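**Student:** how does the following fold in three dimensions:
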Amino acid sequence: MTAYITVEDPFWCRTQPAGDGHLDWTGYRNEKGTASFHWRHTGYSALRIAYRIRTGQDPVGYAHATCEHPGCVAPDHVADSATTPRRAHHAGTITRQPNGSDDQVKALIGEGLSDKQVGKRLRTSPKRVAAIRAELGLPSGANRPLTFNDRWAANTEPVDGGHIRWTGRLRDGTNPAVLHEGHDASPRRIVFERLHGRPAVGRVQPGCGYGPCVRAEHLEDQPMRDNYHAIFGSAA
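**Tutor:** Coordinates of the predicted model:
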């Protein structure tokens, strides 16, 4: 499991380039849509950390994105409301309400929300949500409930090195989480148990060195870690 040294480390692990210098947030968002995460038992705003990365200090007011890309957290696109008024607060300016990025829509679809629920949450058109759902090859809510495989497909992506990165919801801003059979569950534990045909013992973590990895073949539970240490310990 990745050991984060500074608060900037978990920030970078939850972002991905979106072109033109924009940066999408792939981590947790609260009910208001604010990008946030936990590090060392403390909650942080992704925009405040982005501002800190760019300037080396915390904002005096609210940290906010200055670009038009929905949900952008790129440090170069973040300013302090104490010195740069937020776009929505410019006098006489009518701005478009945030409607969520495609990744945000996919994450909520992966959680099992209907097109209308996603549209309401992100203030976007249910028709747009339905189109993204169709691109993912997922059924509409009227056809059948989403399966774990559906949610897995909507919330994972392959990355270099043969790893698979979880792009969906994170419990406590750190651990991958998914709705499964009506309960909040760990997708790592589910795919581990499917691969090995036995219940996992203890925490299931990537043993490949890539912290966000959820690929079943790269995961280890406590007995596997103990066995590894026993073998290499006796050979030392």
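**Student:** may I see the buried residues of the lowest-mean-pLDDT helix or strand in the chain?
**Tutor:** The helix or strand of the chain with the lowest confidence, counting by mean pLDDT, DSSP states H and E, is helix 222-235 at a mean of 77. Neighbour counts over helix 222-235 (16 or more other C-beta atoms under 10 Å) mark Met224 as buried. Every C-beta, even on glycine, is put in place using the N, C-alpha and C of the backbone.
**Student:** now the helices for this structure?
**Tutor:** 8-13, 46-55, 102-110, 115-122, 126-135, 148-154, 187-196, 222-235 (DSSP state H).
**Student:** quick one, which of those is packed in tightest?
**Tutor:** helix 102-110 (a mean of 22; mean count of other C-beta atoms under 10 Å).
**Student:** can you list the domain ranges for the protein.
**Tutor:** Domain assignment for the chain by automatic domain parsing gives 8-89, 100-146, 155-236.
**Student:** neighbours around Gly173, how many?
**Tutor:** 18 (other C-beta atoms under 10 Å).
**Student:** ok, and the closest non-adjacent residue to the most centrally placed residue in the chain?
**Tutor:** The residue lying closest to the centre of the chain (C-alpha atoms, centre = their mean) is Gly27, at 2.7 Å. Nearest in space to Gly27, with sequence neighbours left out and distances taken as C-beta to C-beta, 6 or more residues apart in numbering, is Arg14 at 3.3 Å.
**Student:** what about that neighbour, neighbour count?
**Tutor:** For Arg14, using other C-beta under 10 Å, the count is 22.
**Student:** quick one: contacts for it?
**Tutor:** By C-beta atoms under 8 Å, 6 or more residues apart in numbering, the contact list for Arg14 reads Trp25, Thr26, Gly27, Phe37, Ala46, Leu170.
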